[in-house]
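show me how the following folds:
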Amino acid sequence: MLRTRGGFTLIELLVVIAIILILAAILFPVFAKVRAKAFQTVCINNLKQLGIACDMYQSAYGDVLVPSASIEKLPSGEEDVHPWPELLDPYLKQMSGRAYDGGTGKVYKCPASPEEAEGLAGWQFERSYGTNWYLGYGERVVPVSMAKHSAATLRITESWGLQGGSMYAPMPNMQKMGFWQVESPGWHNGASTVLWVDGHVSVMPAARVLLDDKGEPNGLGQVWCRLGGPKPQP
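All right, here's what the predicted structure looks like:
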């Protein structure tokens with residue numbers, strides 16, 4: 001009489017588990033790279049959309065660069081600050097409310113950026129991009145023509161600081177101007193995406209975003225933020 005086998009032996013089961021673990025060890029890094037590349041592609045597309053909105057804003061407001069924020073004088077005498085996402089959103093239709101109320105949309109956030117942390121300013125975490133403060137703020141408006149090297153002048157890039165996302169891109173003398181320091185986070189395998197004033201988007205090492213005129217990482221973006229002077233080397 002033939003006897004049928006009821007199941008796997010312990011050794012066979014261990015061999016199968018070992019094979020699964022080996023395959024997982026091989027495939028997980030591949031999946032992680034694919035996921036990271038997908039995040040980078042979304043981020044690049046976000047900045048391209050923001051760049052188009054910037055061009056539309058400039059056309060509507062007499063060829064002035066989009067400021068980091070505009071300040072509206074209210075009848076009460078108080079000031080109402082409108083951060084740059086609010087200035088661009090008429091052309092993007094992404095926001096569900098005011099920026100300070102956490103109403104920003106997906107186009108203002110890199111998918112690789114950290115999630116909101118409990119107890120910190122939520123609206124900061126819904127926006128992981130910052131603009132170049134030197135391109136304008138409040139009543140200080142800057143004509144497009146002042147950006148002598150538009151292809152080498154930073155407009156918007158990923159930025160992150162101790163208090164979460166930032167309204168501003170990394171730039172020199174931030175703390176002296178009363179802002180907390182932000183960094184170029186390098187969420188894309190050590191690189192950050194950058195939107196330039198001329199509208200093109202590039203991916204560059206995060207450390208290079210922070211370079212100063214002498215190529216040292218102590219100018220905090222000075223070489224990319226300035227409007228005049230000799231053309232920075234790419």
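
how about the helices in the chain?
If DSSP state H is used as the criterion, the helices of the chain fall at 10-60, 84-88, 122-125, 206-209, 222-225.

export those to CSV and tack on mean pLDDT, mean neighbour count and distance to residue 74?
Backbone N, C-alpha and C define where each C-beta goes, glycine included. Formatted as CSV, the helices of the chain follow (pLDDT from 0 to 100; neighbours: other C-beta atoms under 10 Å; distance: least, C-beta to C-beta, whole Å):
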stretch, mean pLDDT, mean neighbour count, distance to residue 74
helix 10-60, 83, 14, 22
helix 84-88, 90, 23, 15
helix 122-125, 55, 19, 20
helix 206-209, 83, 19, 36
helix 222-225, 72, 24, 31
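
pull the helix or strand with minimum mean pLDDT from this protein.
Taking all helices and strands of the chain together, the one with the lowest average confidence (mean pLDDT, DSSP states H and E) is helix 122-125, at a mean of 55.

circling back to that earlier point, need the helices of the chain in TSV (columns: distance to residue 137).
Output for these, formatted as TSV (distance: least, C-beta to C-beta, whole Å):
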stretch	distance to residue 137
helix 10-60	15
helix 84-88	10
helix 122-125	18
helix 206-209	20
helix 222-225	13
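
find the centremost residue of the protein, please.
residue 158 (2.4 Å; C-alpha atoms, centre = their mean).

out of the helices of the chain, flag the one nearest residue 153.
Evaluated with C-beta to C-beta, these place helix 222-225 nearest to residue 153, the distance being 6.8 Å.

and of the helices of the chain, who's closest to residue 144?
With C-beta to C-beta as the measure, helix 10-60 is the member of the helices of the chain nearest residue 144 (6.0 Å).

helices or strands up against the closest one?
Using 3 or more C-beta pairs under 8 Å, 6 or more residues apart in numbering; DSSP states H and E, the elements in contact with helix 10-60 are helix 84-88, strand 129-131, strand 154-158, strand 191-196, strand 201-205.

what is the mean pLDDT for the fourth one?
I take that to be strand 191-196. In this model, strand 191-196 has an average pLDDT of 93.

that strand: which residues count as buried?
Using 16 or more other C-beta atoms under 10 Å as the test for burial, strand 191-196 gives 191, 192, 193, 194, 195, 196.

got it, and the last one?
Neighbour-count burial for strand 201-205, counted by 16+ other C-beta under 10 Å, picks out 201, 204.

give me the angle between that strand and strand 191-196.
With axes from the mean of the first three to the mean of the last three C-alpha atoms, to 10 degrees as the criterion, the two stretches strand 201-205 and strand 191-196 enclose an angle of 140 degrees.

sheet partners, orientation included, of strand 201-205?
strand 191-196 (antiparallel) (DSSP bridges).

please state the offset of the partner strand from the chain centre?
Taking the mean of its C-alpha atoms, strand 191-196 sits 8 Å from the chain's own mean (C-alpha atoms, centre = their mean, to the nearest Å).
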